[in-house]
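Visitor: coords below, sequence missing:
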């Protein structure tokens, strides 16, 4: 089930500056990205460059992407955020998110054809600067059947920014989201 992004006016400034975000993404070294920790749900090379985890800045990464970080700081109830990169041939199998307390947003950045996501029974693909919001506790899967990498800005925000999160698993604190190569 997708939710129209127009229901969330705070997304418009991020969409409007997608080219600036893409510019920051393009300046990042590939070695700064790390494999998504939940390796049992995908095959191939799904990597992330995290900017926020559970509402906290990942300082080194925020310094490398100041425009993106500044835009994300304005998202009410921001929880997690970063760049999600699917290499050619990657398939993320059907899975469910952790909690109904958040919604997930994707902003298209590098969007080759033959890449898509299914949420429930709906399938969507990305265009540069496009956005969509969905409840990731609905079964979803994604794939890249193109010959190049797909990258989106992915972030979670609270449905109710005034309430604390209570349903995230403890092991999310242990996810390695900063590359050992950063800062070398």
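Guide: In hand now; what should we look at? Please read all numbers here as calculations on a predicted model, not as lab measurements.
Visitor: and stretch 106-125, which residues are buried?
Guide: Using 16 or more other CB atoms under 10 Å as the test for burial, stretch 106-125 gives 106, 107, 108, 109, 110, 111, 112, 115, 117, 119. (Each C-beta comes from the backbone N, C-alpha and C, glycine too.)
Visitor: not counting sequence-adjacent ones, nearest residue to residue 153?
Guide: Excluding the flanking residues, the one nearest residue 153 by CB to CB, 6 or more residues apart in numbering is residue 107, at 4.2 Å.
Visitor: hang on, the one you found in a strand?
Guide: Yes: counting by DSSP: H, G, I helix; E, B strand; the rest coil, residue 107 is part of a strand.
Visitor: tell me how far it lies from residue 49.
Guide: 14 Å (CB to CB, to the nearest Å).
Visitor: geometric centre of this structure: which residue is closest?
Guide: Nearest to the mean C-alpha position of the chain, counting by CA atoms, centre = their mean, stands residue 154 at 1.8 Å.
Visitor: that older thread, of the buried residues of stretch 106-125, which is the nearest to residue 22?
Guide: residue 109 (5.0 Å; CB to CB).
Visitor: that older thread, checking my notes, the residue nearest to the centre of the chain in a strand, right?
Guide: Yes: with three-state DSSP as the criterion, residue 154 is located in a strand.
Visitor: which residue is the nearest non-sequential neighbour of it?
Guide: Closest to residue 154 by CB to CB, 6+ apart is residue 84, at 4.3 Å.
Visitor: who's in contact with the one you found?
Guide: 36, 46, 48, 106, 151, 152, 153, 154 (CB atoms under 8 Å, 6 or more residues apart in numbering).
Visitor: report how many residues lie close to the second one.
Guide: In this case it means residue 46. Using other CB atoms under 10 Å, residue 46 has 21 other residues around it.
Visitor: for it, which non-adjacent residue is spatially closest?
Guide: residue 36 is the one closest to residue 46 (CB to CB, 6+ apart), at 4.7 Å.
Visitor: residues contacting the one you found?
Guide: So residue 36 contacts 42, 46, 47, 48, 84 (CB under 8 Å, 6+ apart).
Visitor: so which of those is the closest to residue 126?
Guide: Of all these, the one with the least separation from residue 126 (CB to CB) is residue 84, at 10.7 Å.
Visitor: now do the same for that closest one: helix, strand or coil?
Guide: Per three-state DSSP, residue 84 ends up strand.
Visitor: for it, give the beta-bridge partners.
Guide: Under DSSP bridges, the beta-bridge partners of residue 84 are residue 48, residue 152.
Visitor: one more: residue 133?
Guide: Beta-bridge partners, per DSSP bridges, of residue 133: residue 3, residue 105.
Visitor: and residue 52, bridged to which residues?
Guide: With DSSP bridges as the rule, residue 52 is bridged to residue 57, residue 81.
Visitor: looks like it contacts residue 155 (just checking).
Guide: Yes: counting by CB atoms under 8 Å, residue 52 touches residue 155, with 7.4 Å between them.
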